[in-house]
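# Okay, here's the prediction I keep looking at, along with the sequence it came from:
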Amino acid sequence: MLNRRKFLQRGLAASLVVNPIFQRVNAWPAVPKKPVVISTWNHGMPANVEAWKILSSGGTALDAVEQGVRVPEADPQVMSVGFGGRPDRDGHVTLDACIMDHKGNAGSVSFLEHIKHPISVARLVMEKTPHVMLSGDGALAFALQNGFKKENLLTEEANRQWEVWKEQSDYRPEVNIENHDTISMLALDQNGNLSGACTTSGLAYKMHGRVGDSPIIGAGMFCDNEVGAAAATGHGEWVMRTVGSFLVVELMRHGRSPQEACEEAVMRIVKLKPDFDEVQIGYIAINKAGETGAYCLHPGFNYALYGNGHNQLIDAESYLKS
């Protein structure tokens, strides 16, 4: 496990290498200056670009994370988020999302159908209602009342894959399937404020009605503006069982670096589930100083980090080695 000095030394070494935009790297970057945005998986790269437009012009972290994750939500090639997401085993595309700002305000939606941008519905739940979460038909009704358009989110390709799956109907979660799963995004803006967002179509071919960690504040994502923020990706049942993102932030509160906190959160799952061949969990974290960290159970999880003017795709360290 890295201590803070070693973490910074490795970051310094990485900073000596010329890293043009979108370069893939395997070293820890130098501690970025504000602003900073970090997000999960390959689809975090274009999402970061959109978020950076807001952050670099002095915009808020809240606006940045919302607009950033809307990019994969609208991309049918990203088959684990929003439009084009793989359906549940009954053929329904159901979406989960949450958002949280630097004041501790939060909003989320779960089991939402027919709305391309659940993250924006979650933000309206936060801003327009006394609640934190709306679900199912109630979330859909709220979205339609607020001007969202009802759409068919099941694309031809997602439907084709579902039809193939139905031939066996064998639910077997696959680790790192096509850089799968949630996009989680955390941002630190020029004013030093943190916000986070998380959005997903959930596990492919899940039971109808299943909701994962992504819309749950403290599990899929959590922000504390005094300390830092964290978010999760992977098989959400284990994130929920350990309240993973809240755990990462609390570990940072007690002096752990973002990297150390992510590692400890993964180890909590290792202790609970020794047989984890079909389970992948990844965490990302950022603290108030702009230091970041990431860690996962299996090799293969990567994350996108935009800071110091560079957008980089980085392979996370893992508990299991290649």
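Yep, it's here.
# OK, contacts around residue 79?
Going by C-beta atoms under 8 Å, 6 or more residues apart in numbering, residue 79 touches 85, 86, 157, 158, 161, 178, 201, 204. For the C-beta atoms, the positions are set from N, CA and C on the backbone; glycine is no exception.
# which residues of the stretch 1-150 of the chain score low on pLDDT?
Within the stretch 1-150 of the chain, the stretches with pLDDT under 70 are 1-32.
# could you pull out the strands for it?
For the stretch 1-150 of the chain, applying DSSP state E, counting those that start in this stretch gives strands covering 24-25, 36-40, 95-100, 106-112, 133-135.
# could I get those strands as CSV with distance to residue 244 and mean neighbour count?
CSV is the format used below for the strands of the stretch 1-150 of the chain (distance: least, C-beta to C-beta, whole Å; neighbours: other C-beta atoms under 10 Å):
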stretch, distance to residue 244, mean neighbour count
strand 24-25, 25, 14
strand 36-40, 13, 30
strand 95-100, 14, 32
strand 106-112, 16, 26
strand 133-135, 18, 20
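# Let's have these in JSON lines, adding distance to residue 318.
JSON lines is the format used below for those (distance: least, C-beta to C-beta, whole Å):
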{"stretch": "strand 24-25", "distance to residue 318": "16"}
{"stretch": "strand 36-40", "distance to residue 318": "14"}
{"stretch": "strand 95-100", "distance to residue 318": "25"}
{"stretch": "strand 106-112", "distance to residue 318": "29"}
{"stretch": "strand 133-135", "distance to residue 318": "32"}
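# So which of the ones you listed is nearest residue 292?
Residue 292 lies closest to strand 36-40 among these, at 5.2 Å (C-beta to C-beta).
# separation between residue 94 and residue 69?
17 Å (C-beta to C-beta, to the nearest Å).
# Looking at these two, which has the bigger crowd around it?
Using other C-beta atoms under 10 Å as the criterion, residue 94 and residue 69 rank with residue 69 on top: 34 against 24.
# quick one, what contacts the more buried one?
Residue 69 is in contact with 39, 47, 81, 97, 119, 183, 185, 197, 198, 199, counting by C-beta under 8 Å, 6+ apart.
# Relative to residue 285, which of the strands of the stretch 1-150 of the chain is closest?
strand 36-40 (8.1 Å).
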